[in-house]
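S.K.: A predicted structure for the sequence below; I have some questions about it.
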Number of protein chains: 4
Amino acid sequence: MPLRVTVWGENVHEQEEADVRARYPDGMHGAIAGAIAALLGDEVSVRTATLQEPEHGLTDEVVRATDVLTWWGHAAHHEVDDAVVDRVCDAVLGGMGLVALHSAHYAKPFKRLLGTSCSLRWRNDGERELVWTVDPAHPIAAGVPHPIVIEAQEMYGEHFDIPSPDELVFVSSFAGGEVFRSGCCFRRGAGRIFYFSPGDQDYPVYHEPSVQRVVANAVRWAAPQVRHDVPDSPESPRGWFE
Amino acid sequence: MPLRVTVWGENVHEQEEADVRARYPDGMHGAIAGAIAALLGDEVSVRTATLQEPEHGLTDEVVRATDVLTWWGHAAHHEVDDAVVDRVCDAVLGGMGLVALHSAHYAKPFKRLLGTSCSLRWRNDGERELVWTVDPAHPIAAGVPHPIVIEAQEMYGEHFDIPSPDELVFVSSFAGGEVFRSGCCFRRGAGRIFYFSPGDQDYPVYHEPSVQRVVANAVRWAAPQVRHDVPDSPESPRGWFE
Amino acid sequence: MPLRVTVWGENVHEQEEADVRARYPDGMHGAIAGAIAALLGDEVSVRTATLQEPEHGLTDEVVRATDVLTWWGHAAHHEVDDAVVDRVCDAVLGGMGLVALHSAHYAKPFKRLLGTSCSLRWRNDGERELVWTVDPAHPIAAGVPHPIVIEAQEMYGEHFDIPSPDELVFVSSFAGGEVFRSGCCFRRGAGRIFYFSPGDQDYPVYHEPSVQRVVANAVRWAAPQVRHDVPDSPESPRGWFE
Amino acid sequence: MPLRVTVWGENVHEQEEADVRARYPDGMHGAIAGAIAALLGDEVSVRTATLQEPEHGLTDEVVRATDVLTWWGHAAHHEVDDAVVDRVCDAVLGGMGLVALHSAHYAKPFKRLLGTSCSLRWRNDGERELVWTVDPAHPIAAGVPHPIVIEAQEMYGEHFDIPSPDELVFVSSFAGGEVFRSGCCFRRGAGRIFYFSPGDQDYPVYHEPSVQRVVANAVRWAAPQVRHDVPDSPESPRGWFE
């Protein structure tokens, strides 16, 4: 059975800004989905979903049939319906993987699952980002150059207000001198979450083979180990296990 | 300046059940506040607040004047106003300490700050709980017997659906054989959170000196290192720090 | 390519004590190797090595050809040659997996890789051990009953003087009331280490299907992600990566 | 009782190189000791010890009378006597704090306590280091500018082959683009260990007030919570705690 991947895109910049549309003619979600499909081949079946679809394309049926969800959003976080956020968070706690990309640090499901403000320092100045691997034996770092060189990117800098990651995989530096924990693993409930910061709409970052490699590795890493509903608190008589 | 401690109590069992009232004539919050004051003396100034007060006794003024908040709730989690939950969570992210006690594993602020279901296994059968220290050099374990013996307690057992604690201090076993991560530290934003499971309304657990010692140690440990509002994401021009 | 597993056994109790030999006619290493081979089939090729062989059966050639090493020792830790310990530790830092079993908490490679005393509380009284899963989505817990019931075992109790595990998978309780962090993951260099405490020579623990399942899962989990020599500190001229 | 601090210096560069002696007329250990004494005042009593003294100045008596040991070494790691290394490591496991500075990443006690190669990437090119706080509520970051700007320093870069730190406090970037986990907390046995990378003999880094503040904060943080011998494994009859 292939891993069922849903690539969610907010799809607002692509609709409203000609330069973004030129950079990503199939949308950022299209570029991301294409990269995952190309790199993982038969291992995956990939579909996309966007904000503008009914229930943002994340109906109960779709979420139940999704093993790993990737999420890119920026301009319209507040337009994401809370019922869909509930559904996504419940699915993650029950085992679905979540790969949160770039400005998804402020996406509702990411913030709710982590519990902190997820704020950070930023500057859109087209400067060089170097993505360094601090955990070279981590599966998400497999085949990734050290460092990844991204010629132009938005700067995201510390302090990044997240819980201490369960595993820290990448740390970036920027031409201006800032650093950022750019690749972070979290485990919440039965689900695995990976946050990866490269990828602004103003730069062709998702066309970079190394960035695509990270996203594909993350999809593989975030595959569910188990899948169930969000657990209740069972009353358990003495000796129930005997 | 003494550490300003607010002991929050749901105060429902004490009002509705004669045996709980007999066990805790000043309420569980009264017993907890008294223990903290007795053990920490001039180091602290302690007040109580309860669900039944306006804004549950947690007005903006009170929360701003609180360094560490302890929280006990069980029967009426759903009655806690979401605006108060927002205020408490924001204060924790900005540096206020939170000590969540027993059934507060399901309290709204605790669940929201952790992001998981916080479910667990349980049985109210008055059985012996042994609380073992797994991190003897942790400040919360200072002066605590190994193990703490609690003759009768409600059983809380694994799986406890929490994020992996940043520091695990205590693990309990029960006469029926279950185990539970009973003393867990989390750091969220600028705030420190300690969860401690002993303490059901049906048993005189908060009168136990060893349990009181843990709660007092936790209050000290959770003292704010800094205090600020929940951070925004500042735009930072290149070289802003030079 | 199958995963190459070497099961190392001290093989002293089996030689010197008739009851142990009766319990484990092929040695404990034989029982462990057989279980891994039976459960993982074509995924693995399994060999054994023992203390009594030249270089304890862990020649440079064998270690280089080993992906995951399991280790059981007790009576003769001090007889393990330091040159072999160096070789094993270097291999782990370079990516080889290590599964340390029961009394191997005091094995030289385990202690050296962790850096602490690895001391614990113990009692050989044939009492029931319950092994509880505290991380149900961990691959090492896949297919493992909750709890594993082991009718008779040596007691290992806290405090267990180890660094805080990178992942805590199992916690045990014993009939006498003690608890123990019985399944602990560590990552050191490029290697993965799993410690699993059930398995004393005086009890038929390695014949238990659930225990065998954990060991097999651990072998799979500890598979190398990369493999290299212990790294030096390279001098790196400015711009070396451009 | 003041905290008893011993500042250990290898004291080789200062003896052999005129420029280092000019930069640090009292030795690097003298500068570090002076800074700690100036910043912590009555809280501490500070002494120094050097490689050239009998038992490197770290006799059993001195180590027993030391609450926190700071360590700087570079050119002569191999000259440190293994008996002294044993004594220092045992003291740390028993509760003594250790602050390892810069090239002490390769000091014998540091490597032995961590168990990994502690290798890193380096370049001595006098370039700007920016030290960023990634855990602003950590006591070691109190009063520390964000970032610390060090105009000229040796570059230390990833990959730094250490176990995942129990707490990550600082991450540095360098003018050449590399990043480094420059402030890392570890807990081993009952002891606390802090590694801080700024501070090469070729630059006046220990005269920087911000660097001095970090070292002083680290000394305070590493203060023993308990102090005992390295623990054995006690046999414990059933019910020993009743």
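M.R.: Right, received. Where do you want to start? Numbering: from 1, shown residues only, chains lettered A, B, ... in the order given.
S.K.: in space, what's closest to the closest residue to chain D within chain A - neighbours in sequence excluded?
M.R.: The minimum distance from chain A to chain D, using Cβ to the nearest Cβ, falls at residue A:173 (4.1 Å). All C-beta atoms are positioned from the backbone trio N, CA, C, and that covers glycine. For residue A:173, ignoring the flanking residues on the chain, the nearest one in space by Cβ to Cβ, 6 or more residues apart in numbering or on different chains is residue D:173 at 4.1 Å.
S.K.: repeat that for residue A:40.
M.R.: Nearest to residue A:40 is residue A:216, by Cβ to Cβ, 6+ apart, at 5.4 Å.
S.K.: okay, and that neighbour sits in which element?
M.R.: helix A:209-221 (DSSP states H and E).
S.K.: show me what that helix is packed against.
M.R.: strand A:3-9, helix A:27-40, strand A:68-72, strand A:97-101, strand A:148-157, strand A:191-196 (3 or more Cβ pairs under 8 Å, 6 or more residues apart in numbering or on different chains; DSSP states H and E).
S.K.: return the set of buried residues in that helix.
M.R.: Residues of helix A:209-221 classed as buried: A:210, A:211, A:212, A:213, A:214, A:215, A:216, A:217, A:218, A:219, A:220, A:221 (neighbour count, 16 or more other Cβ atoms under 10 Å in any protein chain shown).
S.K.: does residue A:226 belong to a helix, a strand or coil?
M.R.: coil (DSSP: H, G, I helix; E, B strand; the rest coil).
S.K.: what parts of chain A come near chain D?
M.R.: Chain A comes close to chain D at residues A:128, A:130, A:132-136, A:146-147, A:157-160, A:164, A:167-168, A:171-175, A:177-179, A:181, as judged by Cβ under 8 Å from any Cβ of the partner chain.
S.K.: filter these down to the buried ones.
M.R.: Looks like the residues of chain A next to chain D have A:130, A:132-136, A:146-147, A:157-160, A:164, A:167-168, A:171-175, A:177-179, A:181 buried, using 16+ other Cβ under 10 Å.
S.K.: next one: the top strand by length along chain A to chain centre, how far?
M.R.: Ranked by number of residues, the top strand in chain A under DSSP state E is strand A:121-133. Relative to its chain's centre, strand A:121-133 lies at 18 Å (Cα atoms, centre = their mean, to the nearest Å).
S.K.: now do stretch A:104-113
M.R.: With Cα atoms, centre = their mean, you get 10 Å for stretch A:104-113.
S.K.: who touches that stretch?
M.R.: When contacts are defined by Cβ atoms under 8 Å, 6 or more residues apart in numbering or on different chains, stretch A:104-113 is touched by residues A:71-74, A:77, A:80, A:82, A:85, A:88-89, A:92-93, A:98, A:100, A:117-118, A:120, A:156, A:160, A:162, A:186, A:188, A:193, A:195, A:197, B:112, B:115, B:233.
S.K.: now do that stretch: distance from first to last residue.
M.R.: One end of stretch A:104-113 sits 12 Å from the other (Cα to Cα, to the nearest Å).
S.K.: other residues contacting the helix holding residue A:216?
M.R.: So helix A:209-221 is contacted by A:3, A:5, A:32, A:35-36, A:38-40, A:43-44, A:68, A:70, A:97, A:99, A:101, A:131, A:139-145, A:148, A:150, A:170, A:183, A:185, A:192, A:194, A:196, A:198-199, A:205-206 (Cβ under 8 Å, 6+ apart).
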